[in-house]
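Peer 1: below are the sequence and a predicted model for it; my questions follow.
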Amino acid sequence: MDHLLSMKRLGPDGIIRILDRAAELRGGAVPEIGRTHYISNLFFEPSTRTKTSFEMAERRLGLDVIPFEAGFSSTLKGETLYDTVRTLEAIGLDALVIRSPEDRFYKELEGRTSVAIINAGDGSGQHPTQTLLDLFTLREEFGTLEGLKVTIAGDVSHSRVAKSGRDALQMFGADVRILCPPEWQGDFESSEDWEEVLPDSDAVMLLRVQHERHSGEGSFSAHSYHERYGLTAGRAERMKKGAIILHPAPVNRGVEIAGELVEHSRSRIFRQVENGVYVRMAVLETILKGRD
Ligand code: CP
């Protein structure tokens, strides 16, 4: 594995290898990194979890982390992503973790740089390491991904998490159901009726409403949205025994999920964050070992 760009490119064998290695690392395995590797995190969109989680993973692997602040970089003077990446490659970086508002930002880099690229979220495209940590958390809970019934609820058309999650879960024979307002269904088939999807779902994954990716749409009522499409406390009570709640976060309490459910016994939201560090360690170790 030279880069991590999308779930389809990683494929089922690659996914399983990452999940298995992340489980070993979570169990205390010692990272296997050879020579010194230099890495930088280029975040052109806000992030709390992904950026900090990558930085933690990098430090736990003993990598040399070179600071990069997008808001103080020469991209603000008009430098392209390609020229930025080529510059960092010339300086000696081995790998770049990139979050961009552009769908498939990596297309302009492919075949034109030898630095390893890890997609930390591309616009409304994919969020591969989020999906890997979601799969890890589901497999940790249920022992398998095959046959799981997973409901993804919320703003799916603007969500990279929904798209990379659907792609990956379907590779493993999971039954992915979508619940959302019809205007946000994009290329998904969706339902608006919680009763169609809730009673037999093994997991319900809530998504934040991505107002920053909406343009020219009408007014939004958080209260109405919550009542119609959110996971309310009443709906959580009707989830089946053993079913869990996932959310990539950041969470908007009282919108897509009732505030009291964030730390409910069914919730694995902070477990997802914990697992993300091990998954990212596994991704970086796998890519960098290939460069030794
Ligand atoms: N889940 C996720 O990508 O969160 P951040 O935007 O905080 O990185």
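Peer 2: Everything's here; your move. In this text the structure is predicted, and so the values were computed from the model without any measurement. Numbering: from 1, shown residues only.
Peer 1: how far off centre is the helix or strand hosting residue 130?
Peer 2: Using DSSP states H and E, residue 130 sits in helix 128-142. From the chain centre to the centre of helix 128-142 is a distance of 10 Å (CA atoms, centre = their mean, to the nearest Å).
Peer 1: average pLDDT for it?
Peer 2: Helix 128-142 carries an average pLDDT of 98.
Peer 1: what helices and strands are in contact with it?
Peer 2: Here helix 128-142 touches helix 7-26, helix 49-60, strand 116-122, helix 160-171, strand 203-206, strand 244-246, helix 269-289, going by 3 or more CB pairs under 8 Å, 6 or more residues apart in numbering; DSSP states H and E. The C-beta positions use only the backbone N, C-alpha and C, and glycine is treated the same way.
Peer 1: repeat the analysis, applying 10 Å as the threshold.
Peer 2: Contacts defined by 3 or more CB pairs under 10 Å, 6 or more residues apart in numbering; DSSP states H and E place helix 128-142 against helix 7-26, helix 49-60, strand 116-122, strand 149-153, helix 160-171, strand 203-206, strand 244-246, helix 269-289.
Peer 1: then the fifth one to CSV, C-alphas only?
Peer 2: Right, the one you point to is helix 160-171. C-alpha atoms of helix 160-171 as CSV (Å, rounded to 0.1, in the frame of the first residue of the first chain):
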residue,chain,number,x,y,z
ARG,A,160,-17.8,11.6,3.0
VAL,A,161,-18.3,9.4,6.0
ALA,A,162,-21.6,8.0,4.6
LYS,A,163,-20.0,7.3,1.2
SER,A,164,-16.8,5.6,2.3
GLY,A,165,-18.8,3.8,5.0
ARG,A,166,-21.3,2.4,2.4
ASP,A,167,-18.6,1.4,0.0
ALA,A,168,-16.7,-0.5,2.7
LEU,A,169,-19.7,-2.1,4.6
GLN,A,170,-21.1,-3.4,1.3
MET,A,171,-17.8,-5.1,0.5
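Peer 1: that one near the ligand at all?
Peer 2: No: against the ligand, helix 160-171 shows no contacts by CB under 6 Å from any ligand atom, the least distance being 6.9 Å.
Peer 1: who wins for proximity to residue 194 among the helices and strands packed on helix 128-142?
Peer 2: Smallest distance to residue 194 across these (CB to CB): 8.2 Å, for strand 149-153.
Peer 1: could you list the contact residues of the stretch 151-292 of the chain toward the ligand?
Peer 2: Residues of the stretch 151-292 of the chain lying near the ligand (CB under 6 Å from any ligand atom): 248-250.
Peer 1: among those residues, who's most crowded?
Peer 2: When neighbours are counted by other CB atoms under 10 Å, residue 248 leads these with 26 neighbours.
Peer 1: pretty sure that residue is in a helix, no?
Peer 2: No: read with DSSP: H, G, I helix; E, B strand; the rest coil, residue 248 is coil and lies in no helix.
Peer 1: show me what contacts the closest residue to it other than its chain neighbours?
Peer 2: The shortest distance from residue 248 to any non-neighbouring residue, by CB to CB, 6 or more residues apart in numbering, is to residue 161 (4.6 Å). Neighbouring residues of residue 161 by CB atoms under 10 Å, 6 or more residues apart in numbering: 121, 126-127, 130-131, 134, 152, 154-155, 205, 207-208, 210, 246-249.
Peer 1: so how far is stretch 115-123 from its chain's centroid?
Peer 2: For stretch 115-123, the distance to the chain centre is 11 Å (CA atoms, centre = their mean).
Peer 1: okay, buried residues for the helix holding residue 130 please.
Peer 2: Neighbour-count burial for helix 128-142 flags 128-139, 141-142 (criterion: 16 or more other CB atoms under 10 Å).
Peer 1: need the residues of the stretch 151-292 of the chain next to the ligand in a markdown table with pLDDT, can you?
Peer 2: Output for those, formatted as a markdown table (pLDDT from 0 to 100):
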| residue | pLDDT |
| --- | --- |
| 248 | 98 |
| 249 | 96 |
| 250 | 96 |
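Peer 1: quick one on the thing from earlier: and the helices and strands packed on helix 128-142 as JSON lines, adding distance to residue 237?
Peer 2: Output for the helices and strands packed on helix 128-142, formatted as JSON lines (distance: least, CB to CB, whole Å):
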{"stretch": "helix 7-26", "distance to residue 237": "31"}
{"stretch": "helix 49-60", "distance to residue 237": "28"}
{"stretch": "strand 116-122", "distance to residue 237": "33"}
{"stretch": "strand 149-153", "distance to residue 237": "16"}
{"stretch": "helix 160-171", "distance to residue 237": "25"}
{"stretch": "strand 203-206", "distance to residue 237": "13"}
{"stretch": "strand 244-246", "distance to residue 237": "12"}
{"stretch": "helix 269-289", "distance to residue 237": "18"}
